[in-house]
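Q: I would like to see how this sequence folds:
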Amino acid sequence: MTRFLPAALAAVLVLSACDSGTDEPEPEPAVPDVLLVTTVPDQTGQSGSSFVQTISLDQETVTNANAFEQTFFVYAHQRGDEVITTQHIAGDEMTRYVRGADGALTETGRLTLPAGGGGANVVWASDARAYVSLLFAGQIIAVNPQTMTEIETLDLTTLGIARNPANPDDTNPEPGVMLVSGGKLYVGLQQFVAPFASANGIDVAVFDAATGAFERVISSDNSAAPGRYGFNQTMFVDENGDLYVYGIASFGFVPGQRPGFLRVRSGETEFAPTNFH
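A: The predicted structure is shown next:
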């Protein structure tokens, strides 16, 4: 669950406190301020539906009756009152929702992504420029989220990164987790060797967030698989401006790979070899 900005909830508290009557004031209706995405699999566990809605933690019960139904296992990303979902497994649509004053979501647009690209993560560089990573296509698409139209495509396969010893011709680093910070777009690059296993090593591509211009790749051999695709929270910047990326080490499927956090200190441009925890 992802909390929205608490402004709406704060307004409810202020309105309740301003009642000057002697009688117990009528409680104001709760304004939904939590984004909830629920995935309901079928008996196979490989298909089903996802449901996207906002709720209040004050609700006694929650159902999917008024939720937006999506395909199986969508990823959701939020910026302020904007929510964008990507159909990662079943389907190729990217959908934008906006949270209104009543806390409810309204669908405002859709964009069909390249077939089979595996839309994963979304980040915003500005109101009119966002990025969506296509895990299986080796691409990132810049879009205008206001109009849900494509701006340009960043092709990562041209980077020529090859970490798969069993297949040296595999130069398709699968982009997943992304972060926009300090005017830069950071992109965690997977290098799958099996469905849940990645090749040894960490690679993070760096772009100019405003233009999409490629700048460099920062790398480390201390772990594998930079971030959990679909979940941007596995790459973040702390209060000191230090960049952290979590190496998930293939979920334990590859013996010898170590999970942990790698750090790029504020003002530096590379992973420090001793900064692994």
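Q: Tell me the helices and strands packed up against the helix or strand containing Phe51.
A: Assigning secondary structure by DSSP states H and E places Phe51 in strand 48-55. On a contact count with 3 or more C-beta pairs under 8 Å, 6 or more residues apart in numbering; DSSP states H and E, strand 48-55 meets strand 34-41, strand 68-71, strand 74-79, strand 82-87, strand 105-112. To be clear about C-beta, it is placed using only N, CA and C from the backbone, and glycine gets the same treatment.
Q: Of those strands, flag the one that's most buried.
A: The highest mean neighbour count among the helices and strands packed on strand 48-55, using mean count of other C-beta atoms under 10 Å, belongs to strand 82-87: a mean of 24.
Q: picking up where we left off before, how about JSON lines for the helices and strands packed on strand 48-55, with distance to Val180 and mean pLDDT added?
A: Shown next, in JSON lines, are the helices and strands packed on strand 48-55 (distance: least, C-beta to C-beta, whole Å; pLDDT from 0 to 100):
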{"stretch": "strand 34-41", "distance to Val180": "19", "mean pLDDT": "93"}
{"stretch": "strand 68-71", "distance to Val180": "25", "mean pLDDT": "94"}
{"stretch": "strand 74-79", "distance to Val180": "10", "mean pLDDT": "95"}
{"stretch": "strand 82-87", "distance to Val180": "14", "mean pLDDT": "96"}
{"stretch": "strand 105-112", "distance to Val180": "19", "mean pLDDT": "97"}
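Q: Out of those, which is closest to Val206?
A: In terms of C-beta to C-beta, the element of the helices and strands packed on strand 48-55 nearest to Val206 is strand 74-79, at 20.0 Å.
Q: Quick one: distance of that closest one to the chain centre.
A: Its chain's average C-alpha position is 6 Å from that of strand 74-79, according to C-alpha atoms, centre = their mean, to the nearest Å.
Q: Quickly run through the sheet partners of it, with directions.
A: The strands beside strand 74-79 in its sheet (DSSP bridges) come out as strand 82-87 (antiparallel).
Q: Check which helices and strands the helix or strand just after the strand it pairs with sits against.
A: Going down the chain from strand 82-87, the next helix or strand is strand 93-99, by DSSP H and E. On a contact count with 3+ C-beta pairs under 8 Å, 6+ apart, strand 93-99 meets strand 68-71, strand 82-87, strand 105-112.
Q: among those strands, which is nearest Tyr229?
A: Of all those, the one in closest proximity to Tyr229, counting by C-beta to C-beta, is strand 82-87 (10.6 Å).
Q: and for that closest one, what are the contacting residues?
A: Here strand 82-87 makes contact (C-beta atoms under 8 Å, 6 or more residues apart in numbering) with 35, 37, 50, 52, 70-71, 74-78, 93-99, 105, 113, 119-122, 124, 130, 132, 145.
Q: Quick check, pLDDT for Thr158.
A: As predicted, Thr158 sits at a pLDDT of 83.
Q: helix/strand/coil for it?
A: Assigned state for Thr158: helix (three-state reduction, DSSP: H, G, I helix; E, B strand; the rest coil).
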